[in-house]
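[1] okay, here's the prediction I keep looking at, along with the sequence it came from:
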Amino acid sequence: MTLTQTGKVRSNVHAKKVVQMMENDALTLSGAVHVVFLDSLGVRTGFMDSKTAIVDENRNKFQAIDSVHVWSDESKAALDTKTLNWNPTTQRIETNDSVTITTHLDTLHGVGLIADQGLHYWEIQHPIGVSYRKVPERKPRDTSKRDAK
């Protein structure tokens, strides 16, 4: 299956089995679902694997379910979670489940995630883990001038 956006191929979806009950119903994909993400030039930017997925073509929504793994070729980041919602139009992914993101600098865990499809930018709710990123030290604000007024 090929998902397009404004006439451009945005992803290729592979599954062993596809079921659709009624013509306008969402598609249920099962048996090793594999999605290849493509940029506007058709170049692979990453992939997503899951055991099951639901594709709602009318709403342009995609939900991966059970053992979800996402890899970004661009950021070299990996994401693992139980469920993941992907919006091809906004190219954002999100979940309310537990997540693990692994990069060359981090292994972070948490619950809840909002990210761009390329895993360059993400926000994890309730994060825990180890990061080796250098974070600039914040200097305390000088409140003496304000207190003197």
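    Arrived safely. Quick caveat: nothing in here was measured; it's all calculated off a predicted structure. Residues are numbered from 1 along each chain as shown.
[2] show me the helices in the chain, by range?
    144-148 (DSSP state H).
[3] give me the beta-bridge partners of the one residue sitting closest to the centre of the chain?
    For the chain, residue 93 is the residue whose C-alpha lies nearest the centre (CA atoms, centre = their mean; 3.6 Å). For residue 93, the beta-bridge partners under DSSP bridges are residue 86, residue 115.
[4] pretty sure it contacts residue 70?
    Yes: the pair residue 93 / residue 70 is scored as a contact, 7.0 Å apart, by CB atoms under 8 Å. C-betas here are computed from N, CA, C, even on glycine.
[5] what sits in contact with each of these two?
    79, 84 (CB atoms under 8 Å, 6 or more residues apart in numbering).
[6] where are the low-confidence patches of the protein?
    1-10, 21-24, 135, 142-149 (pLDDT under 70).
[7] now do the contacts for residue 70.
    46-48, 78-80, 84, 93, 119.
[8] mind redoing it with 10 Å?
    When contacts are counted by CB atoms under 10 Å, 6 or more residues apart in numbering, residue 70 touches 35, 37, 46-50, 64, 77-81, 84, 86, 93, 99, 101, 115, 117-119.
[9] restricted to buried residues, select those residues in ChimeraX.
    Buried subset of the contacts of residue 70, written as a ChimeraX selection, criterion 16 or more other CB atoms under 10 Å:
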select :35,37,46,47,48,49,50,64,77,78,79,81,84,86,93,99,101,115,117,118,119
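[10] re the thing from before, residue contacts, the residue nearest to the centre of the chain?
    48, 62, 64, 68, 70, 79, 81, 84-87, 113-119, 122.
[11] same thing with residue 78?
    Contacts for residue 78 (CB under 10 Å, 6+ apart) come out as 46, 69-72, 100-103, 107, 119.
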